[in-house]
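Visitor: Based on what follows, work out the 3D shape:
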Amino acid sequence: MAAKKIARDYTLRGAYVASEPSLSFDDEENHPSSTEQLSDIPPDLRGASFFFSMAKTINGSLNLADRISSVLSVAVELTYIAHHKLIHAERCSLFLVDHQNGELYSTVWDVMPKSLSSGSRSGSPSANMSRSDSGDNVDIRPAPNLGAIREFRIPIGSGVAGWVAQTGVTARIEDAYTDKRFNQEADRKSGLRTRTMLCMPVFSKPPEEIHHSEMSCPMVKRERGVPIHPNLIGIATLINKLPSDDDMTPFPPFSDKDEKLFGDFLLMCGIAINNSILYEKAQEAEKIAMKLAAHNAKLLERSALETKKTKVLLQIAESLYGDHTVNTLGQKVIEHAQELTNAETASLFILDEEKNELYPAVIDAAAQGKKFTIPLGKGISGHVAQTGEVINLRDAYEDPRFFPDIDLQSDSKTQSILSVPIPGPSKKFLGVANLINKRAITPDSSRKIIAFDEEDVAIFRAFSVFCGLSLHKTLMLNQINKQQRMLTVTMELMSFHATSHPSDFERFLKSVPEDPVRVEDLRSSEFDPHDFDTEDNRLVVVVRMMFVDMGFAERFEIPTEKWDRYVLTVRKNYRPVAYHNFVHAVSVAHLVYWLVKSGTLEGYADDIEQFSMFIAALNHDIDHRGTNNQFQKNAQTALAAFYSTSTMERHHFNHAMTILSAPGHNILDAFDADSYARCLKVFENAILATDLALYFANKGKIGGILERGEFDRGNGEHRELLRGMIMTCSDLSAMTKPFHCARRTADHVYEEFFVQGEEERRMNLPYSAELMDRSKSVEIPRMQLGFMDFIVRPAYELLDKMLDGVTGQLMDAVKRNMEEWRKLKESGEP
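Guide: Below you'll find the predicted structure:
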């Protein structure tokens, strides 16, 4: 007997849709098809034969939809065999349990023989059913009035079926309309009339297999709604028992025998349905496992690709620290990109910003040795370089931007192409990288060109970033190497033009007397080098006299000829500005000389410290431009960009070191390594100490040390503070000279200040200080008096205290000059 299959609609809650199944038998001989044949079989064997057929039908498939079909068919079958004295009911229903939502659900309703459905529906009972009414004559009606919704649901606890599901107890009802549990709305919707009912629970286990704890606590408490027995899987209902041949009472009640027979039948059904549920769950788990396996395989494949990509990117990153040319670096990057994307060829073009064109750094082997460039904006590469756009083409010749001359140069044919810009600093592009003709992987290894995919684009864009870093670094190194070569040439030129030559030294020796001043005058604190002009060679001899008189020539094994040449070069590197010139340098060096020769520094500074301060004084303003640090900062000069603090002082030190490095000018070459290093350290600190900003920073610290009586000439830090104060006071030593000399020097100072102020006005910069305003030249006495009172006098007071009061004559000279400036201020004399 052909049975129509069940169409299944499976949701997360386990809903099933069914339509018109039937009971099937293996053969007609063992399973008779008429009541006459059944009447010839003894009653016990007739029952066994029927249940054997039911068992085979119900367990014929593991598919849950098929099993529900079989259960419903067999349930209807029970209504056919009236002469067999089995259950004789008009129709039946089966609901499954949704434990999660606390509901009963079914996609079928009112299963009955077509002989009944075509005749009287729950009117007068009819017993005119025969075996020929079974099978395809089963009428399975869908849930009533549900429209497109093909699933009927009942809350557990609602109606007779809901009550049975809640309690787990069989409901046998003789008159449904008098039972308060019955919901008459179902009849009104279906047009049927329910009279008698046998509603029984369907469990997944036989009673003897349910654990004692499950029997003693049959209901499982849910988070919401009513409790449900854990083994309950459905509710089956027989409706309207029909009269038998022996008893024609209309709609007799269901008997104990009916309940026992239906219970045995449902026990078999429950086990079968539960097995199908478990089977379907296993199938779903298998599908999920297969999906997970497929997903994991994709993840593994992607992970392998990402691992490979990461290794390649790390190899490219390592090239950042390698010594590569642009060509070799580009070749390595392109080869890695080809390997990952399976491209046939690749190219790398570098942008020449001056010429606005691209030149090849890496191209196809066939084009090697052929010189060509691509104008910016022309062709695919030119367009990418100009716009920064990524271009991915399946067929390059279909794009009007493609530049076919490249194919002509390389004797190749471009099909698919991926072109990306190489990013550089400041949102600029350094060039363009191209991948050409992606090869497809074919079983027979034949050549097949396909388009580059999004993965290729992502990989190549990442490559372009690393390529940009490496390329920028390589181009920078090339530029640095070029600049270093230029610097070497410049240094050679500077060394030739900025140093004195033997011929200069010969002319110097012939032009001056051996001793232009008396030693006694030189040793006086009132000696003023400003009496000489900056180009006067006698000033160089004065420096030599101080150098020899301090014993440095003999002590440090420095020949006077070498010393003189060194001093001539130092003078040559001072600029002809009004104040910060070579005369000022000699004036500063003279105070150091005076402190040494007067014995003031005995016990405070050793020979190396004294010599280092002396040569520092000579170099402390070398290459001064006549402008101060504030001007350099405000004007944003190259020096200010190079030296963020103590701008001019650091420049003076570096320039002085350049002279010491020039051939024939290293006056320290006789020093051992330790003395050499120590001398240069003191030399540097002494020059930096002439920055008044450092003086103000150290002034409070020194004052505190002296006030507490903690100054220790043996303390390295205290000695450095002392050397710094010596350099500050030496830089201001012109204020200790006789007043006529001090006033002349002040005129030079203010002239230089006023020139700086005029330059600041020309550049629309604020005055660095009031001292730079030429319109206030008539106020020089006031400004000079303020300068001495605020800076000069406190500096000399601190120096005198640090040296135990032995510099009193310098302090006296400062006070005398301050008084003279006060008189000028009060007189109003300009």
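
Visitor: Asp98 is in contact with Ser106, isn't it?
Guide: No: with contact defined as Cβ atoms under 8 Å, Asp98 and Ser106 do not form a contacting pair (10.7 Å). In this view, the C-beta of every residue, glycine as well, is placed from N, C-alpha and C.

Visitor: ok, the two, which is more surrounded?
Guide: Neighbour comparison, Asp98 and Ser106: the larger count goes to Ser106, with 24 against 18 (by other Cβ atoms under 10 Å).

Visitor: Who does that one form a beta bridge with?
Guide: In this entry, Ser106 is beta-bridged to Phe152, by DSSP bridges.

Visitor: And the strands in the stretch 151-300 of the chain, which stretches?
Guide: 152-155, 171-173, 197-203, 232-241 (DSSP state E, counting those that start in this stretch).

Visitor: just checking, what packs against the third one?
Guide: Using 3 or more Cβ pairs under 8 Å, 6 or more residues apart in numbering; DSSP states H and E as the contact criterion, the neighbours of strand 197-203 among helices and strands are helix 159-167, strand 171-173, strand 232-241, helix 256-318.

Visitor: Run a quick neighbour tally on Pro738.
Guide: 14.

Visitor: so Phe683 touches Ala617, yeah?
Guide: No: the pair Phe683 / Ala617 is not scored as a contact, 10.3 Å apart, by Cβ under 8 Å.

Visitor: Look at Val749 and give its secondary structure.
Guide: Here Val749 is recorded as helix under DSSP: H, G, I helix; E, B strand; the rest coil.

Visitor: ok, now how distant is it from Met818?
Guide: Computed as Cβ to Cβ, to the nearest Å, the Val749 to Met818 distance reads 16 Å.

Visitor: again with Thr194
Guide: Counting by Cβ to Cβ, the gap from Thr194 to Met818 is 126 Å.

Visitor: out of those two, which sits in the busier spot?
Guide: Per other Cβ under 10 Å, whichever of Thr194 and Met818 has more neighbours is Thr194, with 25 against 18.

Visitor: nearest residue to the more buried one other than its sequence neighbours?
Guide: Nearest non-adjacent residue to Thr194, counting by Cβ to Cβ, 6 or more residues apart in numbering: Ala176, 4.5 Å away.

Visitor: okay, now the one you found: neighbour count?
Guide: With other Cβ under 10 Å as criterion, Ala176 counts 20.

Visitor: ok, now which ones touch it?
Guide: Val160, Phe182, Thr194, Arg195, Thr196, Met197 (Cβ atoms under 8 Å, 6 or more residues apart in numbering).

Visitor: burial of the last one, as a residue count?
Guide: Right, Met197. Residues contacting Met197 under the criterion other Cβ under 10 Å number 26.

Visitor: before we move on, the earlier item: okay, the helices and strands packed on strand 197-203, which one's buried deepest?
Guide: Of the helices and strands packed on strand 197-203, the one with the most neighbours on average (mean count of other Cβ atoms under 10 Å) is strand 232-241, at a mean of 24.

Visitor: Hmm, Val583 is touching Asp533, no?
Guide: Yes: counting by Cβ under 8 Å, Val583 touches Asp533, with 7.4 Å between them.

Visitor: Which of these two has more residues huddled nearby?
Guide: Val583 (23 against 12).

Visitor: How about the contacts made by that one?
Guide: Val583 neighbours (Cβ under 8 Å, 6+ apart): Pro529, His530, Phe532, Asp533, Thr534, Leu539.

Visitor: Apart from its neighbours in sequence, what residue is nearest it?
Guide: Nearest residue to Val583 in three dimensions, chain neighbours excluded: Thr534, at 4.9 Å (Cβ to Cβ, 6+ apart).

Visitor: so where's the stretch 151-300 of the chain shaky on pLDDT?
Guide: 151, 207-226, 245-248 (pLDDT under 70).

Visitor: next one: the stretch 551-700 of the chain
Guide: In the stretch 551-700 of the chain (pLDDT under 70), no residue qualifies.

Visitor: those helices in it, which residues are they?
Guide: Ranges of helices within the stretch 551-700 of the chain are 552-555, 560-572, 582-597, 607-619, 629-634, 638-642, 647-661, 673-688, 692-707, based on DSSP state H, counting those that start in this stretch.

Visitor: how many degrees apart are the second one and helix 582-597 in direction?
Guide: So that's helix 560-572. 130 degrees (axes from the mean of the first three to the mean of the last three Cα atoms, to 10 degrees).

Visitor: separation between Leu668 and Asp264?
Guide: Here the distance between Leu668 and Asp264 works out to 118 Å (Cβ to Cβ).

Visitor: one step back: can you name the two of the contacts of Ala176 that are farthest apart?
Guide: Val160 and Arg195 (12.8 Å; Cβ to Cβ).

Visitor: quick revisit: joint contacts of Val583 and Asp533?
Guide: With Cβ under 8 Å, 6+ apart as the test, Val583 and Asp533 both reach Leu539.

Visitor: got any ranges where the stretch 701-830 of the chain has weak pLDDT?
Guide: Residues of the stretch 701-830 of the chain meeting the criterion pLDDT under 70: 830.

Visitor: ok, now which ones touch Phe547?
Guide: Ala553, Thr560, Trp563, Phe614.

Visitor: which of these has the most neighbours?
Guide: Within the contacts of Phe547, neighbour counts (other Cβ under 10 Å) peak at Phe614, which reaches 24 neighbours.

Visitor: tally of neighbours for the nearest residue to that one once chain neighbours are set aside?
Guide: Excluding the flanking residues, the one nearest Phe614 by Cβ to Cβ, 6+ apart is Val592, at 5.0 Å. When neighbours are counted by other Cβ under 10 Å, Val592 registers 29.

Visitor: Tell me the spacing between Val592 and Gly709.
Guide: 27 Å.

Visitor: just Gly703 next, same as before
Guide: For Gly703 relative to Gly709 (Cβ to Cβ), the value is 12 Å.

Visitor: the more surrounded of the two?
Guide: Gly703 (14 against 6).

Visitor: Just to check, that one is in contact with Leu798?
Guide: Yes: contact criterion Cβ under 8 Å: Gly703 and Leu798 qualify, at 6.8 Å.
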